[in-house]
Each structure stands twice: as structure tokens, then as C-alpha cells.
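Engineer: this one's structure only:
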Ligand SMILES: [Mn+2]
């Protein structure tokens, strides 16, 4: 079902993306197929959660976790989302696509999410900036602002404490690999200069745990393989995934 839907959506969306969204025949169908995928992911996550399993979603692009976040919100109403990302992903729609990777957090804000905390954001449009700086549920730690404060002598430790203090007890982590420095994910679809170092990202996750917050679910997305023989993107992605799994286990009651 998914393979056929993907093929159809790719065929229909190619002329739309290549025209920058001006050519929009087939758009409604692509949006319908995207909604079907979200519903499928939602059902799968609910299924595994009902069996007591820890669930992490591995993308794929950043639109893929929409259904997973909605499933966790059913279980943990008011849950917070910690998004590590170079992009705000707050567009209402991108090139007409209502479920694109550029709109995922806009769509998450339409749910009953308790709080959205963004870290590392350094690429956004006017409307995204307005939403990020005015929406009562959103707090965005722009990459340039974090780096400026580090340059002025603040510690990453204190910044991480400030970030996690804004989150409720139950937290879902949406980890877009492009939140890291491009040197750590050179083949991801939309790399942006700047970003978190590996140990900064893992220290942030550790701080979440130390502050007594629970990582209830997570996704890792936008990890893209390099050319044949180049394993670097996958290598870094696997290490991030390992850390996320470890933190989810700790949150579920495993010992340090
Ligand atoms: Mn993203």
C-alpha cells in the first residue's frame, strides 16, 4: 500500500515542485495520500504502544512523524515536543503541500501539544519567524542567539537547563539531523551552515533526563546516505539513534 502510494505521490508532485508550486494539478491527491500516510503511522504507533513497546520513528523526511506525534499526544495529553532542527518547519503549507517537511511543526501546533521548543533553528521565512516569536506555545532557540551567548561566556550547560525547563514532564523529541553541523550530515537534503555539535546535542538530551523529564517517544529524520562507500551520514545518524534509544529506555525505568 505504502509503496504504491509513494510512487503515485512522487509522480504527481514532481511537476509541482519543479514549477515552484505554480503547477498544481494533482495537489489535492498528493495531500490526500499524505494524510493517509499520517493515519497509517498513527495506527502503527498506537498498535505498538498498546503492546507496551517503546516506539521511535526513523525517517525519511521530516513530514513522516506527524502521525506518531499525534499518537503520543493521545497517550500523553499536553506533551511537549523538543525539536532539534536547522529549520523552523512552521510553514502553513509548502508549494501547496499541506503535510510537507516544512510544515510539520505548524501542523503539530494545530493539535493539543502542550509546548514546542525548537533548538538550532537558522533557516526560516518571515511568516515562520512571526509564528516562532508570537505563538504562546512556541519557544525557539535560534542558532545564532545560542552561539552569541556561548561566545559571551555562558555555558552550554546553563543554556540546556534553560531549554529543558520550558518543557512539560512528558517530552517527545523530533530530531532532524540537519540541526547538527553540516559536517555531521553532509548529504542531508537541506544542510545549513552553523548548527549543533554532536556532544552539544547529546548533552541537551542528557540534561532533559537529569531534569526529570520523560522522553516518551522520538523520531530521527532526514538522515540521507552519501554516495557508494561513504558511510559518514549513516554513522552519525546511528549514533544519534543509539542515544535516543538509550534515553527512551532510561525514561521507561531502566537504570543509569
Ligand atoms: Mn525539519
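Structural biologist: Everything's here; your move. For clarity, every value in this text was computed on a predicted model and none was experimentally measured.

Engineer: Now the stretch 1-150 of the chain against the ion: closest residue?
Structural biologist: Closest residue of the stretch 1-150 of the chain to the ion, C-beta to the ion: residue 62 (3.6 Å). Just so you know, the C-beta spots here come from the backbone N, C-alpha and C atoms, and that holds for glycine as well.

Engineer: count of residues packed around that residue?
Structural biologist: Neighbourhood size, residue 62 [other C-beta atoms under 10 Å]: 27.

Engineer: Same check on residue 161?
Structural biologist: 14.

Engineer: picking up where we left off before, and for the residue of the stretch 1-150 of the chain closest to the ion, nearest residue in space, chain neighbours not counted?
Structural biologist: With sequence-adjacent residues excluded and distances taken as C-beta to C-beta, 6 or more residues apart in numbering, residue 62 is closest to residue 101, at 3.9 Å.

Engineer: interface residues of the chain facing the ion?
Structural biologist: Selection of the chain residues close to the ion by C-beta under 5 Å from the ion yields 62, 85, 87, 89, 176.

Engineer: Make a ChimeraX selection of the buried ones in those.
Structural biologist: Buried members of these can be picked out in ChimeraX with the line below, counting by 16 or more other C-beta atoms under 10 Å:
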select :62,85,87,89,176
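
Engineer: still on that earlier bit, tell me both backbone torsions, phi and psi, for the residue of the stretch 1-150 of the chain closest to the ion.
Structural biologist: In terms of degrees, to the nearest 10, the main-chain angles of residue 62 are phi -80, psi 0.

Engineer: again, but for residue 82
Structural biologist: The phi and psi values for residue 82, taken as degrees, to the nearest 10, are phi -100, psi 120.

Engineer: Verify the stated contact: it with residue 170.
Structural biologist: No. In this structure, residue 82 sits apart from residue 170 without contact. The criterion is C-beta atoms under 8 Å, and the distance is 11.0 Å.

Engineer: From residue 96, how far off is the closest residue to residue 231 other than its chain neighbours?
Structural biologist: In space, not counting the residues next to it along the chain, residue 231 is nearest to residue 225; the distance is 8.0 Å by C-beta to C-beta, 6+ apart. Applying C-beta to C-beta, to the nearest Å, the value for residue 225 to residue 96 is 29 Å.
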